[in-house]
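J.: have a look; sequence and predicted model below, questions after that.
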Amino acid sequence: MSKLVSQEDIINIVRKGQSEGKIYAATNGCFDILHVGHIRYLQKTKSLADYSVVMLNSDKSVKLIKGDSRPINCEEDRAEMLSALSCIDYVVLFEDRSPAKLLEAMKPDIYTKGADYTLETLPEKEIVQRNNIKVEFIEFVQGKSTTNVINKCLK
């Protein structure tokens with residue numbers, strides 16, 4: 001899992017790469033049960049830059065957002081699955097509800113979010129504007145979500 005790096009390391013990696021003219025795109029998520037919607041989203045993120053970074057919610061973070069029954073897969077497994085994808089260059093865990101602190105420290109060139117957000121509703125709006133981070137909103141694949149997978153399994 002050499003793609004899994006610490007927050008300190010990813011900040012240094014991005015700074016060094018940017019000084020050499022490389023472009024970094026970052027996104028975040030729980031990626032609890034990986035599905036085709038995730039894959040297409042992550043491929044699109046990678047297509048925008050030289051390197052892609054996934055800021056992955058830790059188990060603690062997922063529980064804060066989704067409740068005690070989640071995550072289904074532990075952070076180590078989720079990080080390993082993401083690391084196996086060729087469209088991902090780095091995976092970094094964060095503990096908070098939001099990746100805001102890490103995003104502010106890392107300062108990627110591009111930040112991708114699902115198209116259910118707009119710049120006005122983006123929780124990280126101030127951070128991206130203050131740091132001149134370009135935001136790309138990526139369309140979802142209809143009907144593909146972790147919640148749908150879980151509901152289908154429960155039937």
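T.: That came through fine. Numbers count the residues shown, from 1 in each chain.
J.: so L103 is in which element?
T.: L103 is part of helix 100-106 when elements are defined by DSSP states H and E.
J.: just give me how far stretch 107-123 sits from the chain centre.
T.: Its chain's C-alpha centre and that of stretch 107-123 lie 11 Å apart, by C-alpha atoms, centre = their mean, to the nearest Å.
J.: now for V128: which residues touch it?
T.: L103, Y111, L122, K134, V135 (C-beta atoms under 8 Å, 6 or more residues apart in numbering). C-betas here are computed from N, CA, C, even on glycine.
J.: repeat that for 7 Å
T.: The neighbours of V128, taking C-beta atoms under 7 Å, 6 or more residues apart in numbering as the test, are Y111, V135.
J.: is the spatially most central residue of the chain in a bridge, and if so with what?
T.: The residue lying closest to the centre of the chain (C-alpha atoms, centre = their mean) is N28, at 2.0 Å. In this entry, N28 is beta-bridged to M55, by DSSP bridges.
J.: now K101. Nearest residue, chain neighbours left out?
T.: Once flanking residues are discounted, K101 sits nearest to F94: 7.5 Å by C-beta to C-beta, 6 or more residues apart in numbering.
J.: my read is that the one you found contacts D59, right?
T.: No. Using C-beta atoms under 7 Å, F94 is not in contact with D59; the gap is 11.5 Å.
J.: burial of N73, as a residue count?
T.: 18 (other C-beta atoms under 10 Å).
J.: and the one 5 residues further on, by the same measure?
T.: Burial of R78, expressed as a neighbour count using other C-beta under 10 Å, amounts to 26.
J.: from N12, how far out is F31?
T.: If you measure F31 against N12 using C-beta to C-beta, to the nearest Å, the figure is 24 Å.
J.: between the two, tell me which one has more neighbours.
T.: The neighbour count for F31 versus N12, taken as other C-beta under 10 Å, is higher for F31 (26 against 13).
J.: ok, that one - contacts?
T.: Counting by C-beta under 7 Å, 6+ apart, F31 makes contact with H38, L56, R78, L82.
J.: would you list those in a markdown table and tack on distance to Y117 and pLDDT?
T.: Output for those, formatted as a markdown table (distance: C-beta to C-beta, whole Å; pLDDT from 0 to 100):
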| residue | distance to Y117 | pLDDT |
| --- | --- | --- |
| H38 | 16 | 93 |
| L56 | 18 | 98 |
| R78 | 22 | 97 |
| L82 | 21 | 98 |
